[in-house]
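Colleague: need a structure here:
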Amino acid sequence: MPSFDITSEANLENIRNAVDVSMRMIDNRYDFKGTTAKIDFLEKEMVINLFGDAEFQLNQIKDILFPAMEKKEPDSSKRITSNIIESVSGNKSKQVLEIKSGIDMDLAKKIVKTIKDSKSKTQANIQGDSVRVSGGKRDILQECIALVKAKHNDFPLNFGNFRD
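Modeller: As a prediction, the model looks like this:
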């Protein structure tokens, strides 16, 4: 029986490259000269730390970082959750951006519900942080992929592990 998996894995190499490109751009910009503006990427914790002199500067850093991330990996900025801006060491600011990887349970349930409501001859099962969809024919599975792409475009999804 043909099947495929719906996953959402962050490509850490692309994110690291985007952070490096953004950091080089920050180093070269005149309005950031002499400031504490910088970006730290903690790969194991899946966190990006933004440092700046003020909230306005953190927003400028995000305006540099997000397009660089989109260029390296489309829809990658959709998987980022921004925490509140903290004030550190006097007048300096810090913001933590968390990178989500994998499909959380709420989104997995919505995907399964969408597939079941479509009345297609497929079955969807939640397996950890992925959803496995199986069906009778390859064409039905391709229609299912198109349906999920159309309905759930607020979080980047990968469709892989296609088996006949």
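Colleague: what comes up buried for the longest strand seen in the chain?
Modeller: Longest strand in the chain, counting residues (DSSP state E): strand 92-99. Residues of strand 92-99 classed as buried under the neighbour-count rule (16 or more other Cβ atoms under 10 Å) are 93-97, 99. Quick note: C-beta positions are derived from backbone N, CA and C, even for glycine.
Colleague: okay if I get those residues as CSV plus pLDDT and distance to residue 39?
Modeller: Listed next are the buried residues of strand 92-99 as CSV, based on pLDDT from 0 to 100; distance: Cβ to Cβ, whole Å:
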residue, pLDDT, distance to residue 39
93, 89, 13
94, 90, 11
95, 89, 10
96, 91, 12
97, 91, 9
99, 90, 13
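Colleague: Apart from its chain neighbours, what residue comes closest to residue 149?
Modeller: residue 157 (7.3 Å; Cβ to Cβ, 6 or more residues apart in numbering).
Colleague: who's in contact with the nearest residue to residue 100 once chain neighbours are set aside?
Modeller: Distances taken as Cβ to Cβ, 6+ apart put residue 79 closest to residue 100, at 4.7 Å, once the chain neighbours are dropped. Shown in contact with residue 79 (Cβ atoms under 8 Å, 6 or more residues apart in numbering): 8, 10, 99-101, 155-156.
Colleague: picking that back up, next, work out how far apart the residue nearest to residue 149 and residue 15 are.
Modeller: Distance of residue 157 to residue 15, given as Cβ to Cβ, to the nearest Å: 17 Å.
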